[in-house]
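Novice: Prediction below, plus the sequence it came from.
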Amino acid sequence: MESYCSFTLGALCQQGCAFSPNGISSRISFIFIFIFTVLLYQYYSASIVSILIMTPARFIKTLRDLAYSTLILGCEDVLYNRDYINKLVNDTVVNRLSKKSPYGTDASFYVEPEVGLPKVAAGGYAYHVELATAYPIISKTFDEDAICSLDEIQLFQLQQMHQPLQKGSEFREMLDYVLHRIDESGLMYRQLKHWHAKKPECIRSRPATSSVSIEEFYPALSMLLLGILFSVFVFIVEHIMHVHQMKQQEQMMIQDLRIDKKHGLITRVRH
């Protein structure tokens, strides 16, 4: 049984064993053990490679995720932002967002885009700003990796716009037709494209590389540490047993000498 256990452990550790099975059933079992260990090794290597080439997961997708994250938050200093946040002071999420500043004051929360966006590029900082203002600064100051790692979350909820007209006005049908016509012909998209800054595109000139961190490698280190601790424990136990056996042998030899002397016999033990 000890030989079988050592053989299985050697197969799992990609090592051999001096034990050679004689039975057909044992040989078949050992062949499948080796096949299993090869597949296990391949799956473990493939999992590490897949983690390295996989796109990092986005954990912050909503305002609640942002509010309860470790990111420091800033906001563009414009009047409607201050008014919106002050009116939603009872909202738990918005209230928590407004307090996520490094010093807990309005002076550090409301900053200009030229100050807030470089902090976003440095990392650990989220900044609420008008996209038309942010995109030109991002295109000029952000590097390729910073642009590709950006993410956007909508702070203001989109609301439907309405045309104020007098009840029963004859211009209602005319304005509906004109607005639909502008939208269908692409004039609205053209004006938006002309006046609104274009979103910076993520164009990687080289594939993103990432190194193996301790998170991917710690299972192997844990197994190695457990193996070292177990081997040290076995060594200590074997040493104690060896010392105990030597003492027992010495005591038995002393007793034998005493018995021989008692009977008047002197013997010499040859080693």
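Specialist: Thanks, I have the structure now.

Novice: Tell me where the stretch 51-200 of the chain has helices.
Specialist: 63-67, 79-87, 92-98, 106-109, 113-122, 131-141, 144-148, 171-185, 187-195 (DSSP state H, counting those that start in this stretch).

Novice: Confidence-wise, which of these is weakest overall?
Specialist: Ranked by mean pLDDT, these end with helix 92-98 at the bottom, a mean of 63.

Novice: how many neighbours does Lys199 have?
Specialist: For Lys199, the count of nearby residues is 14 (other C-beta atoms under 10 Å). Every C-beta, even on glycine, is put in place using the N, C-alpha and C of the backbone.

Novice: which residues does it contact?
Specialist: Listed by C-beta atoms under 8 Å, 6 or more residues apart in numbering, the contact partners of Lys199 are Leu131, Tyr135.

Novice: rewinding a little: how about TSV for the helices of the stretch 51-200 of the chain, with distance to Ile24 and mean neighbour count added?
Specialist: Converted to TSV, the helices of the stretch 51-200 of the chain look like this (distance: least, C-beta to C-beta, whole Å; neighbours: other C-beta atoms under 10 Å):
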stretch	distance to Ile24	mean neighbour count
helix 63-67	60	17
helix 79-87	78	13
helix 92-98	68	16
helix 106-109	77	14
helix 113-122	67	16
helix 131-141	70	15
helix 144-148	58	15
helix 171-185	79	11
helix 187-195	76	10
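
Novice: Spit out the contact partners of Met188.
Specialist: Counting by C-beta under 8 Å, 6+ apart, Met188 touches Ile182.

Novice: between the helices of the stretch 51-200 of the chain, which one is nearest to Gly10?
Specialist: When those are compared by C-beta to C-beta, helix 144-148 sits nearest Gly10, at 45.0 Å.

Novice: can the helices of the stretch 51-200 of the chain go into TSV with extra columns for distance to Pro164?
Specialist: Converted to TSV, the helices of the stretch 51-200 of the chain look like this (distance: least, C-beta to C-beta, whole Å):
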stretch	distance to Pro164
helix 63-67	31
helix 79-87	20
helix 92-98	28
helix 106-109	34
helix 113-122	32
helix 131-141	25
helix 144-148	41
helix 171-185	11
helix 187-195	19
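
Novice: closest to Pro21 out of the ones you listed?
Specialist: Taking C-beta to C-beta, helix 144-148 is the member of these nearest to Pro21, at 55.4 Å.

Novice: Relative to Ile24, how far out is Gln159?
Specialist: 78 Å (C-beta to C-beta, to the nearest Å).

Novice: mean confidence score for the strand or helix carrying Ile228?
Specialist: Following DSSP states H and E, one finds Ile228 within helix 214-262. If you average the pLDDT over helix 214-262, you get 82.

Novice: So what's the gap between it and the chain middle?
Specialist: Relative to the chain's own centre, helix 214-262 is displaced by 43 Å; criterion: C-alpha atoms, centre = their mean, to the nearest Å.

Novice: Also stretch 26-34?
Specialist: With C-alpha atoms, centre = their mean as the basis, stretch 26-34 stands 38 Å off its chain's centre.

Novice: List of residues touching that stretch?
Specialist: Phe7, Thr8, Ala11, Pro21.

Novice: Could you tell me which of those residues are located in strands?
Specialist: Assigned to strands by DSSP state E, none of those qualify.

Novice: Let me know the closest of those to Leu229.
Specialist: Nearest to Leu229 among the contacts of stretch 26-34: Thr8, at 20.4 Å, using C-beta to C-beta.

Novice: Now do the contacts for Ala126.
Specialist: When contacts are counted by C-beta under 8 Å, 6+ apart, Ala126 touches Leu66, Leu71, Ile72, Leu73, Gly74, Val120.

Novice: please redo it, this time with the cut-off set to 10 Å
Specialist: Ala126 sits next to 60, 66, 69, 71-75, 97, 100, 116, 119-120, 151, 153 when contact means C-beta atoms under 10 Å, 6 or more residues apart in numbering.

Novice: Show me which of those residues is closest to Lys140.
Specialist: Of all the contacts of Ala126, Lys140 sits closest to Val120, with 13.8 Å by C-beta to C-beta.
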